[in-house]
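K.L.:
structure of the sequence below:
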Amino acid sequence: MSRVRVYLTFLLPALQKIQKRRSSVTQRQRAIRFAADLCLARTANKRSAWTRALNLRLMRKEKTMTTMKRKKFSACRSRSTTLAMRMKFASLSYSFFHNVDLQTARHDHDHASMDKRLGTLQKLVPGGRKMGVDTLFQETADYILNLQMQVHAMEALADFYSTTSAAHVDEYLVQQQQRSASLDAEI
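P.N.:
Take a look at the predicted model:
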């Protein structure tokens, strides 16, 4: 069975559950993204570090989603903090920026831009901040391949829904449920 099919066998029942719930559009969007990430983690190689990090993040997100129903909070930075940072930056003198050796500045700029790019990559790959550079590149390659698989699965799903009638979609979903139930019974 191809990885796209395995992914869809996990995703379709999750989407059915989301469809049955009465919720707002934003809640559905979050639930769909959560289901897609969870199915990606289930389908991918369990030994990869990004899969373990994604599973951990999803478990934490699931825990916070249940607590968010009780509490509303803002993740934005407060205005006073932002204002304080602007004032601190403005207080730095002109000579601080311009009294630097040009060769040292170029060297530092190269390292700074490389560090910035690595930092961005570490943010993109789940668990990337805890990886060394070599491991980060290997995990990034694996993560990109799995994201491409997810895109292909989503495209196939969108094509299917756009070209079939609602009766065929329901019939297909029932067949998928029966198949997954028979697979679970075999295991």
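
K.L.:
and for residue 153, the neighbour number?
P.N.:
Residues lying near residue 153 (other C-beta atoms under 10 Å) number 23. Placement of C-beta: from N, CA and C, glycine included.

K.L.:
what's the spacing between it and residue 146?
P.N.:
To residue 146, residue 153 is 10 Å away according to C-beta to C-beta, to the nearest Å.

K.L.:
same check on residue 38?
P.N.:
Residue 38 sits at a distance of 13 Å from residue 146 (criterion: C-beta to C-beta).

K.L.:
now do residue 179
P.N.:
For residue 179, the distance to residue 146 - C-beta to C-beta - is 23 Å.

K.L.:
of these two, who's got more company?
P.N.:
More crowded of residue 179 and residue 146, by other C-beta under 10 Å: residue 146, with 21 against 13.

K.L.:
look at residue 183 and report its pLDDT.
P.N.:
As predicted, residue 183 sits at a pLDDT of 68.

K.L.:
before we move on, what about residue 151?
P.N.:
Note on residue 151: pLDDT of 92.

K.L.:
burial of it, as a residue count?
P.N.:
When counting by other C-beta under 10 Å, one arrives at 11 neighbours for residue 151.

K.L.:
now swap in residue 123 and tell me
P.N.:
Residue 123 has 10 neighbouring residues, counting by other C-beta under 10 Å.

K.L.:
which residue sits closest to it, ignoring its sequence neighbours?
P.N.:
Spatial nearest neighbour of residue 123, chain neighbours left out: residue 129 (7.4 Å); criterion: C-beta to C-beta, 6 or more residues apart in numbering.

K.L.:
I'd say the one you found and residue 122 touch.
P.N.:
Yes - assessed by C-beta atoms under 8 Å, residue 129 is found in contact with residue 122 at 4.8 Å.

K.L.:
so where is this structure shaky, pLDDT-wise?
P.N.:
Applying pLDDT under 70 to the chain flags the ranges 1, 65-109, 164-170, 183-184, 186-187.

K.L.:
assign residue 126 to helix, strand or coil.
P.N.:
Per DSSP: H, G, I helix; E, B strand; the rest coil, the secondary structure class of residue 126 is coil.

K.L.:
kind regards, and thank you for your time.
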